[in-house]
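S.K.: Pasting the sequence and the predicted coordinates here, then a few questions.
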Amino acid sequence: MDIPVYLIAGFLDAGKTGFINGILRDGFAAEDRTLLLRCEEGETDYDPRVLDNVFTYTIDEPEQMTPDFFKKLEKQYRPKQVIIEYNGMWSIEPLYREGLPANWILYQIMCLVDANTFEMYVKNMGQLMMEKITNADLLIFNRCNEALRKQLRSRNLRMVNRRADIYLENTDGTSEEYVTPEMSPFDLSGGKLDVPDEDYGIWYVDMMDNPDRYQGVEVSFKALMCHSKKFKGVHCPGRFAMVCCDKDMQFLALVCRGEGLENFKDKEWVKIHATVKKEKCDAYQGEGPVLYVSSIAATTKPDPEMVSF
C-alpha cells in the first residue's frame, strides 16, 4: 500500500507546528490514521485536542531516516499517511532521493518562512534556505507587513520556483497570492518594450508566467545566443542568472524563430528585436512565449552581465 508523505519544511520559529495544528484542526487526520514525525523541538507544542487518530514520534538525527527505519515505524503504527515536521538545518535531498521506502510517496512539500528573518537566512544559510524554497509545492511567507511584501516581491521568487503556489500571510491573519494577474512590472500599453539590461530576469519570469500579457508585444533585449542540442533546429538565446549564490546558476532561455539566427555562434552576445506570440512548443513542454525575430545583430555584453534576484 502506498503511503503519502507530507513534508513541512522551514527554519525554527517559522510556524511549522502552528500550521500542522491548523490542518489537523481542520480534519486532515479525521479519516486516515496519521503518523506525525517531529524532527525538532520548537516553542509551540502540538494541540492534544487535534491528535485523535494521530501518532507522534520524534527523530533526533537525520542519519536515523533510512528506508528500514521508516518501515519499522510503518509496521508499528500502521499509518495511512505521514506528516514530517522537518528540521530546518537538515538538507531534504537525502530524504527524497534515498531515505524513504518505495511505498512512501513524497506527495507534497510545504515550506513556511518567517518573512522577518528571510533575508538573514538567505545571507547566512542561502543554500539550505533555497533548497527548501526550490523544492516546495506550497510556499507560505508569514508575519508579513507592507514593507516585507514589497521586499519579497522585489526578489522575484518565481524565478526560484515557478511551479509552487506562493502566498503572503499578513500579521492581521489575511493572506494574498505572491503574484496576482493584474501585477505587471512593465508598461506594455504602447505595445513595445525595450528590456533594460538589469531587468531581464524580472521580464523573463513575468513573460513565462503571463504569456497572454505579452501577446503581440514588440520586444528588444540582449542575450547570449544558444542553439539547442536537445531540440534540433531550435534557437533559444538567453542569459545566465544567479538565484542565490554562484553555485546556483540557471540559463533563462527563450525560444526564437526567424531568419539569421543560425548565423550567430553559441555564447555570442546579440541584440534581438522580436514580436511575442503564445504558442505550443516542445522546448516549453506546452504553451509559452515564442519570439518571432525581425532583426538580430551582434552587440556588446550587458551591464550587469549576470542576472540576479
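M.R.: Nice, I can see it. Numbers count the residues shown, from 1 in each chain.
S.K.: Name the SS class of the residue sitting nearest the centre point of the chain, please.
M.R.: In the chain, the residue lying closest to the centroid (CA atoms, centre = their mean) is residue 161, at 1.7 Å. What DSSP: H, G, I helix; E, B strand; the rest coil gives for residue 161 is coil.
S.K.: Report the contact partners of residue 308.
M.R.: If you count contacts by CB atoms under 8 Å, 6 or more residues apart in numbering, residue 308 has them with 201, 241, 242. In short, each C-beta sits where N, CA and C put it, glycine included.
S.K.: And the residue nearest to the last one when sequence neighbours are not counted, how close does it get to residue 24?
M.R.: Okay, so that is residue 242. Nearest residue to residue 242, sequence neighbours excluded (CB to CB, 6 or more residues apart in numbering): residue 308, at 5.1 Å. Distance, residue 308 to residue 24, using CB to CB, to the nearest Å: 40 Å.
S.K.: My guess is residue 13 contacts residue 114. True?
M.R.: Yes - at 6.3 Å, residue 13 counts as touching residue 114 under the criterion of CB atoms under 8 Å.
S.K.: Which one of those two is surrounded by more residues?
M.R.: residue 114 (19 against 16; other CB atoms under 10 Å).
S.K.: For that one, list each beta-bridge partner.
M.R.: Beta bridges link residue 114 to residue 142, judged by DSSP bridges.
S.K.: so what's it scoring on pLDDT?
M.R.: What the model reports as pLDDT for residue 114 is 96.
S.K.: so who does it touch?
M.R.: Taking CB under 8 Å, 6+ apart, one finds 11, 13, 14, 15, 141, 142, 143 in contact with residue 114.
S.K.: Then residue 58?
M.R.: Counted by CB under 8 Å, 6+ apart, residue 58 has contacts 37, 38, 39, 41.
S.K.: Then residue 134?
M.R.: 160, 161.
S.K.: what's the spacing between it and residue 205?
M.R.: Residue 134 is 14 Å from residue 205, by CB to CB.
S.K.: do residue 48 as well
M.R.: Taken as CB to CB, the span from residue 48 to residue 205 is 44 Å.
S.K.: Ok, residue 94 next?
M.R.: In terms of CB to CB, residue 94 sits 30 Å off from residue 205.
S.K.: try residue 257
M.R.: 22 Å.
S.K.: coming back round to it: these two touch, right, the residue nearest to the centre of the chain and residue 133?
M.R.: Yes - counting by CB under 8 Å, residue 133 is a contact partner of residue 161 at 5.8 Å.
S.K.: what is in contact with these two at once?
M.R.: Common neighbours of residue 161 and residue 133 (criterion: CB under 8 Å, 6+ apart): residue 139.
S.K.: Walk me through the regions of the chain where pLDDT falls short of the threshold, as ranges.
M.R.: 159, 180-183, 243-248, 309 (pLDDT under 70).
S.K.: Domain-wise, how is it divided?
M.R.: 3-177, 192-308 (automatic domain parsing).
S.K.: first to last residue in the longest one, what's the distance?
M.R.: Terminal residues of domain 3-177 are spaced 30 Å apart (CA to CA, to the nearest Å).
S.K.: again with stretch 174-190
M.R.: 36 Å.
S.K.: Please apply the same query to stretch 79-99.
M.R.: 18 Å.
S.K.: Name the residues that touch that stretch?
M.R.: Residues contacting stretch 79-99 (CB under 8 Å, 6+ apart): 3-12, 14, 16-17, 20, 29, 32-40, 55, 62, 65-67, 70, 73, 104, 106, 109, 128, 131-132, 135.
S.K.: quick one, which of residue 48 and residue 205 is more surrounded?
M.R.: Neighbours were counted for residue 48 and for residue 205 using other CB under 10 Å; residue 205 has more, 21 against 8.
S.K.: which residue sits closest to residue 203, ignoring its sequence neighbours?
M.R.: residue 195 (4.9 Å).
S.K.: burial count for the one you found?
M.R.: 19.
S.K.: Against residue 216, how distant is it?
M.R.: 16 Å.
S.K.: Same question for residue 287.
M.R.: From residue 287 to residue 216 the distance is 15 Å (CB to CB).
S.K.: Equivalent analysis for residue 106, please.
M.R.: For residue 106, the distance to residue 216 - CB to CB - is 41 Å.
S.K.: what about these two, which has more around it?
M.R.: Between residue 106 and residue 216, counting by other CB under 10 Å, residue 106 is the more crowded of the two (18 against 10).
S.K.: which ones are touching that one?
M.R.: Going by CB under 8 Å, 6+ apart, residue 106 touches 5, 7, 95, 96, 100.
S.K.: again with residue 10
M.R.: 16, 86, 88, 111, 112, 113, 132.
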